[in-house]
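Chemist: what shape does this take:
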Amino acid sequence: MTARGWFLFSLMGVVWGVPYLLIKVAVDELSPSAVVFARCALGAALLLPFALRQPGLVRTVRTHWKPMLAFAVIEIVGPWYTLTDAERHLSSSTAGLLIAGVPIVAVLVSRFFGAAESLGARRLTGLALGLAGVGVLTVPHLTGGDAFSLAEVLLTVVGYATAPLIAARHLKDVPTLHLITPCLALAALVYAPAAVASRPAALPSPETLTALAALGVVCTAIAFVAFLELIKEAGPTRASVITYVNPAVAVAAGAVFLDERLTPTVLAAFALILAGSVLATAAAPGPVPRRVPWSTRQTSRADGRVESP
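Modeler: Numbers count the residues shown, from 1 in each chain. This next block holds a predicted model:
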């Protein structure tokens, strides 16, 4: 991957490693619909002025509305609600750890899209190491919750794995702001009625308002622009490997801000996840050209001599 790709990868690993904590804080006082509405509305409002400065926004929507609608539903409208609703019963760390299954699902789903990327031994090893690291983290942390909440997170995983493939195949020529701004606006409109109906009687606490602001600004507006650029830079499957880094970021944040202990098990998981991410995002080596007798042809030069290519 290029230096730009690694920068975007590192940025996404951080900014999408904290939403689970922020969502958990927000759903203590607000409904899932209100959380999703506030996140999408704030993100769309921040990006709209920049999207309007780029010519052709309306034309882009009119031309690509079908894949854009599919992307919005599969990446935002559905998964953000199911994930937020699940966190009413699951811990934020559990949700973050389960989302780490996105790269594997992306590899499987890509086969159905006919857009499967080349997976050599190095990248397959990286995927396996990443899963092993996530497993090391998951075993001691997967507690609480119910089957329905776990199923909601599974639906989120499928959506997160599928939407980047749609973007890479049908929307790769669409400017990032022209794609994400209408999608966020649509999601906000979808959840506006439910958000109004479930609004709290009193103003939420400063902690909840801060969590919503961070979700909308950092984890939505900034993160989505960076993620779509990462898809264009590294491809959808390698871009989804950031979900291996996200649980590690969540654990690190807990150690720094909540004084959670960094045990040998956690440190081992860090090593596996980081090593897996490096290998899984590495470009597959190209085939070495080989000359075979039947492919050698002779060409005549102007001076009458014959040479082989």
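
Chemist: can we go C-alpha only for contacts and neighbour counts from here?
Modeler: Fine.

Chemist: so where is the stretch 151-300 of the chain shaky, pLDDT-wise?
Modeler: Residues of the stretch 151-300 of the chain meeting the criterion pLDDT under 70: 237, 240-244, 251, 253-255, 257-262, 266, 277-278, 280-300.

Chemist: which parts of it are strands?
Modeler: 299-300 (DSSP state E, counting those that start in this stretch).

Chemist: can you map out the helices along it?
Modeler: 176-197, 206-216, 223-234, 236-239, 242-257, 264-280 (DSSP state H, counting those that start in this stretch).

Chemist: most packed of these?
Modeler: Among the helices of the stretch 151-300 of the chain, helix 236-239 has the highest mean neighbour count (mean count of other Cα atoms under 10 Å), at a mean of 28.

Chemist: show me how far that helix is from its chain's centre.
Modeler: 9 Å (Cα atoms, centre = their mean, to the nearest Å).

Chemist: before we move on, what about stretch 79-86?
Modeler: That offset, for stretch 79-86, works out to 15 Å (Cα atoms, centre = their mean).

Chemist: residue 161 contacts residue 102, doesn't it?
Modeler: Yes - contact status for residue 161 versus residue 102: in contact at 5.3 Å, counting by Cα atoms under 8 Å.

Chemist: looking at the two, which is more packed in?
Modeler: A direct count of neighbours by other Cα atoms under 10 Å for residue 161 and residue 102 places residue 161 higher, at 27 against 24.

Chemist: that one and residue 78, how far apart?
Modeler: 13 Å (Cα to Cα, to the nearest Å).

Chemist: repeat for residue 209
Modeler: On the measure of Cα to Cα, residue 209 and residue 78 end up 23 Å apart.

Chemist: residue 204 now?
Modeler: 25 Å.

Chemist: number of residues surrounding residue 120?
Modeler: 14.

Chemist: where does it land on pLDDT?
Modeler: Note for residue 120: predicted pLDDT of 75.

Chemist: which SS class is the closest residue to residue 28 other than its chain neighbours?
Modeler: Distances taken as Cα to Cα, 6 or more residues apart in numbering put residue 88 closest to residue 28, at 7.5 Å, once the chain neighbours are dropped. Here residue 88 is recorded as coil under DSSP: H, G, I helix; E, B strand; the rest coil.

Chemist: what does the one 10 residues further on give?
Modeler: For residue 98, the assignment made with three-state DSSP gives helix.

Chemist: residues contacting the residue lying closest to it once chain neighbours are set aside?
Modeler: Of all residues not flanking residue 98 in the chain, residue 153 sits nearest, at 7.0 Å (Cα to Cα, 6+ apart). Listed by Cα atoms under 8 Å, 6 or more residues apart in numbering, the contact set of residue 153 reads 79, 82, 83, 86, 95, 98, 99.
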